[in-house]
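Student: show me how the following folds:
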Amino acid sequence: MMSSGKAGVIWASALSALALMMGAGEGAAQESPPESTYGVYVDGEVRPRLEFRLHSNLGGEPDDLAITRRGDYDRISQRSRLGVTFEQEMWAARVALIAVSIWGRSGLTVSDEVGLSLYEGWAEMRPMEALSLKVGRFPISYGEGRVLSGSSWNQLPRTWDAVRMKLFPHATLRIDTFAGQYRDGGDSQVSGQPLAGDDYLIGTYGWYQVDQGLVRRADVYALHDWRQGGGAEGEVTERLSTVGARVVLSAGPVELEAEGAGQFGRACPVDVATESQCAGDRRDVRGYFYDTELSVDLPILSDFDVVVGHAFASGDDPGTAVDGNYRQLFGSTHSFHGKMDFVRRTNLREYRLGFDVSLGPVSLVERAHLLERVEGNAGIIGVEVDSLVAWGLYKGLTLDAGYGVFFPGEAATESGAPRGERPAHWVFMQLRGTFGSRP
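Tutor: Numbering: from 1, shown residues only. Model prediction:
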């Protein structure tokens, strides 16, 4: 009998082949659908990625690290996705399969848990122009993804089994209310026991958006997340409420984005190094974060932006009864605090500086991050410098490459032992092939 691992690899290959065949012919990506979205639309993606990590333990013992333990590896992973959308005036439905594998490994994926899975499977009813209701499995992502993100960099992205109501009270306003259970790439985090090891989320996210004026976008949100323990008894290990806001201001060549949120509830301590979500008894939580980023479009070349940013996420003072750590929920740090993913948005102060350049089909992103720990073993975690380039080879086909180097500081380890002589390195190259369209 064929093993699930081999079956998953065969499915991944089949999806890749189908995607390439359907993308062939007159261009790998078709034109956007017409204004009327009646019909059936097929879309897909194939994304193989070569990735190297070197000296991730910074030349010492992993148990002494105070940053997220990534480990060294070299591998080629691949994501293949195929989706079909059915669109009518009063309703829509979508099914999307995703297969993730590591080349040369009989086991299936990056996580060795999920191979072929249902990434999206939902139906949406639109009884009136200002209201829609979606039920099923779909990603949930808002703003720039600091609090809720689909985690698109991961080969195995985030998705939810959820229900969501969208309200459109005005052309410039939208209000979403949702409730769901977290699914890691379509596979549950545990063996399937109800209320054991699961994450649940309810929330409301609304925003105002216009194309002109000083205030281009203003978001407000209120979220409540609770996590069940991994045991069969289903003990609640986390109940957190998060209330926040985000604003985007624009004046000529200058754009300012700022976001912040407060958080309260009860939760287990977080171990940043092991990414454990329950490293002790629950305590009352009072945390917060903010992130600001200023970009200036300079009259150099055709598109040249200078970017300056600062972020802060509260940490826990061991001398107080309240846990002061902010928890990033289901947000992303990859796009904000370093592509090497050594830190989480907790107990953190960060400064960033860089620039974005576009030259025809080629774009370049350069970022430098100064990372500091604010509580406990306070001090400089390290300095990370990332360089990314994207080259649009053809319609629907993009080549990405990048390099990151991390110079550790004394707060990168629990003991404060210096490891600057062994910086960590990260290199990747990937090909993104997309085809088809969706309304």
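
Student: which stretches in this structure count as helices?
Tutor: Here the chain has its helices, by DSSP state H, at 4-23.

Student: center of it, which residue is that?
Tutor: With distances taken as C-alpha atoms, centre = their mean, S151 lies nearest the centre of the chain, 2.3 Å away.

Student: can you pull out the low-pLDDT segments for the protein?
Tutor: Applying pLDDT under 70 to the chain flags the ranges 1-37, 59-64, 105-114, 184-197, 229-236, 270-280, 415-421.

Student: where's R75 relative to A267, distance?
Tutor: According to C-beta to C-beta, to the nearest Å, R75 and A267 sit 33 Å apart. To be clear about C-beta, it is placed using only N, CA and C from the backbone, and glycine gets the same treatment.

Student: okay, these two: which has more neighbours?
Tutor: A267 (24 against 14; other C-beta atoms under 10 Å).

Student: S314 reaches V374, doesn't it?
Tutor: Yes - at 7.4 Å, S314 counts as touching V374 under the criterion of C-beta atoms under 8 Å.

Student: more neighbours: which of the two?
Tutor: Comparing S314 with V374 by other C-beta under 10 Å, the one with more neighbours is S314, at 23 against 18.

Student: so what's D341 up against?
Tutor: Contacts for D341 (C-beta atoms under 8 Å, 6 or more residues apart in numbering) come out as 68, 70, 333-334.

Student: same thing but at 10 Å, please
Tutor: Under the criterion of C-beta atoms under 10 Å, 6 or more residues apart in numbering, the contact list for D341 reads 67-68, 70, 153-154, 332-334, 384, 404, 426.

Student: for S387, see how far away G104 is.
Tutor: Taken as C-beta to C-beta, the span from G104 to S387 is 28 Å.

Student: what about the two, which has more around it?
Tutor: Neighbours per residue (other C-beta under 10 Å) separate G104 from S387, with S387 holding more: 16 against 8.

Student: show me what F264 bridges to in the sheet.
Tutor: S241, R286 (DSSP bridges).

Student: burial of it, as a residue count?
Tutor: 15.

Student: residue contacts, E120?
Tutor: Applying C-beta under 10 Å, 6+ apart, the residues contacting E120 are 81, 83-85, 93-98, 136-139, 159, 186.

Student: mind checking how far the closest residue to it other than its chain neighbours is from D43?
Tutor: Leaving aside its chain neighbours, E120 sits nearest to A96 (3.9 Å; criterion: C-beta to C-beta, 6 or more residues apart in numbering). In this view, A96 and D43 are 8 Å apart by C-beta to C-beta.

Student: re the thing from before, what's the residue nearest to the centre of the chain in contact with, if anything?
Tutor: With C-beta under 10 Å, 6+ apart as the criterion, the residues that contact S151 are 139, 141, 145, 157-159, 184-185, 330-332, 334.

Student: top of the residues you listed by neighbour count?
Tutor: T159 leads the contacts of S151 on contacts (other C-beta under 10 Å) with 26 neighbours.

Student: please name the bridge partners of that residue.
Tutor: R183.

Student: same question, the one 5 residues further on
Tutor: For R164, the beta-bridge assignment (DSSP bridges) gives partners K134, F178.

Student: now do G83
Tutor: Residues in beta-bridge contact with G83 (DSSP bridges): D43, A96.

Student: likewise for W122?
Tutor: Beta-bridge partners, per DSSP bridges, of W122: R94, G136.

Student: quick one: V46 and L431 touch, right?
Tutor: Yes - between V46 and L431 a contact is recorded at 7.8 Å, counting by C-beta atoms under 10 Å.

Student: overlap in contacts, the two.
Tutor: The contact lists of V46 and L431 share 78, 397, where a contact means C-beta under 10 Å, 6+ apart.

Student: who has more neighbours out of the two?
Tutor: V46 (25 against 15).

Student: quick check: closest non-adjacent residue to that one.
Tutor: Distances taken as C-beta to C-beta, 6+ apart place G433 nearest to V46, at 4.5 Å, with adjacent residues excluded.

Student: which residues does the one you found bridge with?
Tutor: Assigned bridge partners for G433, using DSSP bridges, are V46, L397.

Student: for T85, see how far away it is.
Tutor: 19 Å.

Student: ditto for M128
Tutor: 21 Å.

Student: can you pull the contacts of the closest residue to A123 other than its chain neighbours?
Tutor: The shortest distance from A123 to any residue other than its chain neighbours is 4.6 Å, reached at A93 (C-beta to C-beta, 6+ apart). By C-beta under 10 Å, 6+ apart, A93 lies in contact with 84-87, 120-125, 134, 136.
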